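>>> here is the input, now give the coordinates:
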Amino acid sequence: MSSNPTNPPETDDNSEERIKRFLATASHDLQSPLRHIAMYAELLLDDLEETLDGEQLQSLRMIMEKAHVAQRLTKALMSLAGGTPQVTPEEVDLQALAENVWGELTDETAVRNARLECQGLPSIRTDPALLGLVLRHLLTNALTYRSEAPPHVTIAAERKGTDWFILISDNGTGIEPVHQERIFEPFWKLPKAGVVQGAGLGLTTAQEFLKALGGDLSLEHSDASGSRFVIRLPIA
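Coordinates of the predicted model:
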């Protein structure tokens, strides 16, 4: 008597290989267009700097700056996929970084009445591009999985021993207990009606970037009143 073959369950090693292949392929494919965007923005600046007004110059410089940041991030993703993450630490004003990421996201999403509250955030030594991407993933989720109330996100930091702990709290819909253990799994997506689903890699890559920085990411609390994530980063 024959039986239908079944596929064996996917192991953690297979999941890790899948995410590494995905990150390496996507990052490699993005390098060329990003390089050309930065190059053409620089050419336009050289040719038109004398004829453009202040706002136009600022826009061109912003395009070039963002293209360079994106190039750094894709290179970091490729190095992460290859097992040798490139980290460029420098002194980072955490509050300025958080406010910059928040401003970009609220412009992109056009979410109305969203409010960010930063409570005495320090300057820390870390890689600003990688930490900025981590914040972007967490703040994107706070704006995406929002409740009927206007989004309100609070970011606080406290020093314990040799580590910084950065607490990011929101007033969103929360994560049901049955899903909380799965949110860091690659390609897994939190089900929510009416939300356009991404690749399911946001929290996974955020966690991997923090590991490369010597830290980690965890969900401290989540219920119907909102969620709180905690970033741990070494002080030096």
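>>> from now on I want contacts and neighbour counts done on CA atoms only, so please keep to that.
Will do.
>>> test my guess that Ala157 contacts Phe165.
Yes. Using Cα atoms under 8 Å, Ala157 is in contact with Phe165, at 5.5 Å.
>>> which pLDDT value goes with Val111?
Here, the pLDDT recorded for Val111 equals 85.
>>> for the one 5 residues further on, same thing?
For Leu116, the pLDDT comes out at 97.
>>> is it in a helix, a strand, or coil?
strand (DSSP: H, G, I helix; E, B strand; the rest coil).
>>> next: Val87.
Applying three-state DSSP: Val87 is coil.
>>> apart from its chain neighbours, what residue comes closest to it?
Closest residue in space to Val87, ignoring its immediate chain neighbours: Asp127 at 6.1 Å, by Cα to Cα, 6 or more residues apart in numbering.
>>> ok, Leu94 to Ser123 distance?
Using Cα to Cα, to the nearest Å, Leu94 is found at 6 Å from Ser123.
>>> between those two, who's got more neighbours?
Leu94 (23 against 14; other Cα atoms under 10 Å).
>>> what is the neighbour count of the residue nearest to Val87?
Count around Asp127 with other Cα under 10 Å applied: 19.
>>> could you do Leu233 as well?
Quick note: Leu233 (other Cα under 10 Å) scores 23 neighbours.
>>> try Leu48
13.
>>> tell me how far it lies from Gly54.
12 Å.
>>> for Ser225, same thing?
For Ser225, the distance to Gly54 - Cα to Cα - is 44 Å.
>>> which of the two has more residues huddled nearby?
Higher neighbour count among Ser225 and Gly54: Ser225, with 13 against 9, using other Cα under 10 Å.
>>> looks like the more buried one contacts Asn171 (just checking).
Yes. Under the criterion of Cα under 8 Å, Ser225 is in contact with Asn171, at a separation of 5.6 Å.
>>> can you pull the residues that touch both of the two?
Common contacts of Ser225 and Asn171 (Cα atoms under 8 Å, 6 or more residues apart in numbering): none found.
>>> looking at this, Ser59 is in a helix?
Yes. Assessed by three-state DSSP, Ser59 belongs to a helix.
>>> and Asp46, how many neighbours?
As a measure of burial, Asp46 has 10 neighbours, counting by other Cα under 10 Å.
>>> quick check, it in a helix?
Yes. Looking at Asp46 with three-state DSSP, it is inside a helix.
>>> where exactly do the helices run in the protein?
12-48, 54-81, 94-109, 128-144, 202-212 (DSSP state H).
>>> go through the ones you listed and name the closest to Ile175.
Nearest of the helices of the chain to Ile175, taken as Cα to Cα: helix 128-144 at 11.1 Å.
>>> buried set for the closest one?
Judged by neighbour count (16 or more other Cα atoms under 10 Å), helix 128-144 contains these buried residues: 128-140, 142-144.
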